[in-house]
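> Okay, sequence plus prediction incoming.
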Amino acid sequence: MNSLRFSPAKAGTSDNSSFISAWAMFRQRFIAPDGRVIDTGNKGISHSEGQGYGMLFAVHAGDRALFEQLWHWTQSMLGQTSCALHSWKYVPDAAIKVPETTAATDAEFMLALALARAADTWNVPSYRQAAQSIFRDIRLLLTFQTDSLNLLLPGQNGFVHDDHIVVNPSYYLFPALRVARDLDDRAQWDRLFSDGITLLIRARFGQWHLPADWIAVPKKADDLHPADGWPHRFSYDAIRVPLYARWGNVLQQIGSERFSDYWNHFAPHLPAWVDLDTGERSPYDASTGFRNVALLSGLQSNRLPDSAALGMFSSTDDYYSSALCLLSLMIRDEVTTNSQQGAG
């Protein structure tokens with residue numbers, strides 16, 4: 001299992017100019033002077049996910065000063081004292097600004113991946129050590145072994161039940177899992193990687209055979225089903241499954257055709273969500289960020305779209321849609337680089 005190549009963007013080059021422009025806009029709109037990423041679609045809170053996205057984007061843009069600011073804020077405000085993980089939520093106007101000392105696994109992967117890339121880009125060994133510690137504690141505190149699968153838990157609390165585990169399939173950030181195997185326990189991360197693919201192959205629900213945002217995995221059986229307690233939808237979480245699969249070069253393995261069929265059935269009016277029980281679609285269309293995900297995972301063609309085809313977020317796009325736009329541009333850059341270097 002080879003790690004994907006990573007090359008930071010360079011301002012002024014034709015391939016990366018779209019990302020650099022988008023990063024400048026994202027910085028201005030969503031990052032406070034102290035390094036806090038603001039979720040404008042969620043009452044202005046901040047969370048470890050946003051910090052992780054910001055740090056990944058900063059490394060890709062070669063923006064070391066802001067990367068350091070983002071990481072300092074994350075450590076200072078969200079760092080847990082008992083381990084290398086981070087509390088997931090920060091509420092700036094609340095008396096208790098960090099109401100829960102529990103981690104979100106996807107955010108920890110983003111933070112660790114960003115740190116590992118920063119260590120390579122700027123030759124800072126302490127960043128690599130921090131990434132290694134996060135990967136270790138994900139493995140120790142945020143995984144669970146059923147009879148047949150080694151699974152990622154979404155967080156530290158509330159997801160292990162008497163007869164089943166609740167998982168979030170969009171938390172499988174495959175490029176980060178590849179880096180984890182190089183910095184931590186190779187055998188365990190290989191198993192988590194391969195079992196993650198198995199999970200996503202089996203996660204086929206509803207008319208379109210799509211993964212649900214939240215999935216219940218029985219401890220002693222192989223049948224999966226959308227988890228109770230959340231809408232049974234392919235929606236704001238699961239939208240990242242095909243994106244991360246494309247990024248990690250496993251989209252074909254998990255079944256790219258189901259995503260392509262879904263996108264092209266509804267195009268040009270892509271839904272923001274679809275109910276996996278009834279087939280009902282959202283009464284409004286998906287955001288720009290969602291459409292970019294579709295373009296990278298089978299809308300119109302299985303070929304990689306030109307960066308010009310990917311939509312740029314506007315003043316009406318909130319933090320999440322804008323983050324998906326920037327992430328799509330970054331992933332396109334990386335997939336293009338990997339293809340060119342592989343061909344060479």
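All right, it came through fine.

> list the buried ones in the longest helix seen in the chain?
Within the chain, and with DSSP state H defining each element, the longest helix by residue count is helix 319-343. For helix 319-343, a neighbour-count test (16 or more other C-beta atoms under 10 Å) marks 319-338 as buried. For glycine as for every other residue, the C-beta is placed from the backbone atoms N, C-alpha and C.

> show me what contacts the closest residue to residue 90 other than its chain neighbours?
Among residues not flanking residue 90 along the chain, residue 46 sits closest, at 4.3 Å (C-beta to C-beta, 6 or more residues apart in numbering). With contacts taken as C-beta atoms under 8 Å, 6 or more residues apart in numbering, residue 46 has the following neighbours: 36-39, 77, 89-90, 92.

> for residue 241, same thing?
Counting by C-beta under 8 Å, 6+ apart, residue 241 makes contact with 169-170, 172, 200, 211, 254.

> Report the two of those residues separated the most.
When those are compared pair by pair using C-beta to C-beta, the two farthest from each other are 170 and 254, 12.4 Å apart.

> Those two: who's more crowded?
With other C-beta atoms under 10 Å as the criterion, residue 170 and residue 254 differ in neighbour count, and residue 254 comes out ahead with 25 against 22.

> Just to check, the more buried one is in contact with residue 197?
Yes. Between residue 254 and residue 197 there is a contact under C-beta atoms under 8 Å: 6.1 Å.

> can you map out the strands along the protein?
Chain-ordered strands for the chain, with DSSP state E as the definition, fall at 46-47, 89-90, 143-145, 150-152, 164-167, 215-218, 225-226, 233-234, 274-275.

> Put the alpha carbons of the fifth one into PDB.
What follows is strand 164-167 as a C-alpha-only set of coordinates in PDB (Å, rounded to 0.1, in the frame of the first residue of the first chain):
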ATOM      1  CA  HIS A 164     -24.000  -2.700  17.600                       C
ATOM      2  CA  ILE A 165     -21.500   0.100  16.800                       C
ATOM      3  CA  VAL A 166     -22.500   3.300  15.200                       C
ATOM      4  CA  VAL A 167     -20.100   4.500  12.500                       C
END
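
> And that strand, what does it pack against?
Applying 3 or more C-beta pairs under 8 Å, 6 or more residues apart in numbering; DSSP states H and E, one finds that strand 164-167 contacts strand 150-152, strand 215-218.

> nearest to residue 187, of these?
Across the helices and strands packed on strand 164-167, the minimum distance to residue 187, taken as C-beta to C-beta, is reached by strand 150-152, at 10.5 Å.

> can you list contacts of that closest one?
Under the contact criterion C-beta under 8 Å, 6+ apart, strand 150-152 has outside partners 105, 138, 142-145, 165, 167, 171-172, 188, 191-192, 195-196, 199, 217.

> Each with direction, which strands does that strand pair with?
In the sheet containing strand 150-152, its partner strands are strand 143-145 (antiparallel), by DSSP bridges.

> now the strand it pairs with: mean pLDDT?
Regarding strand 143-145, the rounded mean pLDDT is 96.

> Could you do stretch 66-75 as well?
Taken as a whole, stretch 66-75 has a mean pLDDT of 98.

> Alpha carbons of it, as PDB, please.
Taking only C-alpha atoms (Å, rounded to 0.1, in the frame of the first residue of the first chain), the coordinates of stretch 66-75 have been written out as PDB:
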ATOM      1  CA  LEU A  66      -1.200  30.800   9.100                       C
ATOM      2  CA  PHE A  67      -0.600  27.100   9.600                       C
ATOM      3  CA  GLU A  68       1.300  27.800  12.800                       C
ATOM      4  CA  GLN A  69      -1.400  30.200  14.000                       C
ATOM      5  CA  LEU A  70      -4.100  27.600  13.300                       C
ATOM      6  CA  TRP A  71      -2.200  24.900  15.100                       C
ATOM      7  CA  HIS A  72      -1.500  27.100  18.100                       C
ATOM      8  CA  TRP A  73      -5.100  28.000  18.500                       C
ATOM      9  CA  THR A  74      -6.200  24.400  18.100                       C
ATOM     10  CA  GLN A  75      -3.700  23.200  20.800                       C
END
